[in-house]
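**Student:** Quick one, what's the 3D model for this:
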Amino acid sequence: MKEIKIRDEFIKLGQALKLAGLVDSGVDAKYVIQDGLVKVNGEQECRRGRKLYQGDVFSYQGQDVRVS
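**Tutor:** A predicted model of the protein is given here:
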């Protein structure tokens, strides 16, 4: 499982997708989230601004990423 490290209390889902290298841009992140292709902690998430905290896991295209 891949990990991304955050310095702040949380990171928004769209930013996390970019940081993990799963999408190339914020626009790409917006569309894959709106299309229901991203899961957070095992549940489909359609909000780009969803806040992720340490320990949260998000998935896209079969890749799981943990926020640490």
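
**Student:** Name whatever forms a beta bridge with Lys2.
**Tutor:** For Lys2, the beta-bridge partners under DSSP bridges are Val65.

**Student:** Next, count neighbours for Lys39.
**Tutor:** Other residues within reach of Lys39 by the criterion other C-beta atoms under 10 Å amount to 14. In short, each C-beta sits where N, CA and C put it, glycine included.

**Student:** Quick one: residues in contact with the helix or strand that contains it.
**Tutor:** Secondary structure assigned from DSSP states H and E places Lys39 in strand 38-40. The set of residues external to strand 38-40 that reach it, using C-beta atoms under 8 Å, 6 or more residues apart in numbering, is Leu13, Leu17, Val32, Gln44, Glu45, Arg50, Leu52, Asp56, Val57, Phe58, Ser59, Tyr60.

**Student:** starting at the chain centroid, how far to it?
**Tutor:** Using C-alpha atoms, centre = their mean, to the nearest Å, the distance from the centre of strand 38-40 to the centre of the chain it belongs to is 7 Å.

**Student:** average pLDDT across it?
**Tutor:** Mean pLDDT, computed over strand 38-40, is 98.

**Student:** Could you pull out the helices in the chain for me?
**Tutor:** Ranges of helices in the chain, per DSSP state H, are 13-19, 26-34.

**Student:** for the last one, packing partners?
**Tutor:** Same thing as helix 26-34. Helix 26-34 is packed against helix 13-19, with contacts defined by 3 or more C-beta pairs under 8 Å, 6 or more residues apart in numbering; DSSP states H and E.

**Student:** Report the buried residues of the helix it packs on.
**Tutor:** Leu13, Gly14, Gln15, Ala16, Leu17, Lys18 (16 or more other C-beta atoms under 10 Å).

**Student:** Glu9 contacts Asp56, doesn't it?
**Tutor:** No. Glu9 is not in contact with Asp56 according to C-beta atoms under 8 Å; the separation is 12.0 Å.
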